[in-house]
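Colleague: make a model of this:
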Amino acid sequence: MLQKNKNPIEVSASETLKEASTDFILSRKAMLCSKRTVEWYRWTLGKILDWMEEDGATLPGEMNSQRMRSYLSSLAERGLSDTYIHSHARVARTFIKFMIEEDYTDKVVKFNMPALAQKRLRCLTAEEVADLIKAAVTPRDKALVMFMVDTGIRREELCNLNWGHVDLDVGVVRIDHGKGGKARTVVAGNT
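Modeller: Here you go, the predicted model:
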């Protein structure tokens, strides 16, 4: 019979940032984040940790506020967008919180989140919609374009639909796995 170890596993002070990042990615998978989200975390965190390593930080306790501000400033100096810089800051904050919760470090790293400009999402003009409909080769393609315009449904959401999701009597479409894995309902044919 196996005996459970009553002592919690302690993380060695010599664990590297790369080892902590591997554990972090495993935690995102265990949380059932989508493949795309996990890959986004892996790619973005990889960029952050490569920069940290070049700056001499290889251990969790060496990732500090000054280094984070310097990293984010380096992104700004390269002329990258506010959303790109903000997304890197979000990943860094999430990773740092994970390292503290998992006892990789007890060092709280504080830095201000980069500002995001207030932007309106671009939407197609009536002329652009008409051009899209004209460009549709088959009646099916035309119907799909019109459905997307009518409901605001995302491309991936559309690809995942089946007839069980559509209630033609009421004009409602159920989306089980939208952005972020969230379910939602959209109205179709409401004129």
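Colleague: OK, contacts around residue 147?
Modeller: Residues counted as contacts of residue 147 (CB atoms under 8 Å, 6 or more residues apart in numbering) are 153, 158, 188. Heads up, the C-betas are built off the backbone N, CA and C, glycines and all.
Colleague: which element is it on?
Modeller: If you go by DSSP states H and E, residue 147 is part of helix 139-151.
Colleague: chain center to the next helix-or-strand element following that helix, what's the gap?
Modeller: Downstream of helix 139-151, the next assigned helix or strand under DSSP H and E is helix 155-159. Centroid separation between helix 155-159 and its chain, computed with CA atoms, centre = their mean, to the nearest Å, is 18 Å.
Colleague: can you map out the strands along the chain?
Modeller: Along the chain, the stretches classed as strands by DSSP state E are 166-167, 172-175, 184-187.
Colleague: coming back round to it: now the contacts of residue 147: which count as buried?
Modeller: 153, 188 (16 or more other CB atoms under 10 Å).
Colleague: could you dump the contacts of residue 147 into JSON lines and include pLDDT and distance to residue 82?
Modeller: Formatted as JSON lines, the contacts of residue 147 follow (pLDDT from 0 to 100; distance: CB to CB, whole Å):
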{"residue": "153", "pLDDT": "88", "distance to residue 82": "27"}
{"residue": "158", "pLDDT": "88", "distance to residue 82": "29"}
{"residue": "188", "pLDDT": "82", "distance to residue 82": "35"}
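Colleague: returning to that earlier point: which positions within the helix holding residue 147 qualify as buried?
Modeller: Counting neighbours by 16+ other CB under 10 Å, one finds that the buried residues in helix 139-151 are 144-151.
Colleague: then stretch 178-185?
Modeller: residue 178.
Colleague: still on that earlier bit, now tabulate the strands of the chain in a markdown table and tack on mean pLDDT and distance to residue 90.
Modeller: Output for the strands of the chain, formatted as a markdown table (pLDDT from 0 to 100; distance: least, CB to CB, whole Å):
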| stretch | mean pLDDT | distance to residue 90 |
| --- | --- | --- |
| strand 166-167 | 86 | 35 |
| strand 172-175 | 87 | 25 |
| strand 184-187 | 86 | 23 |
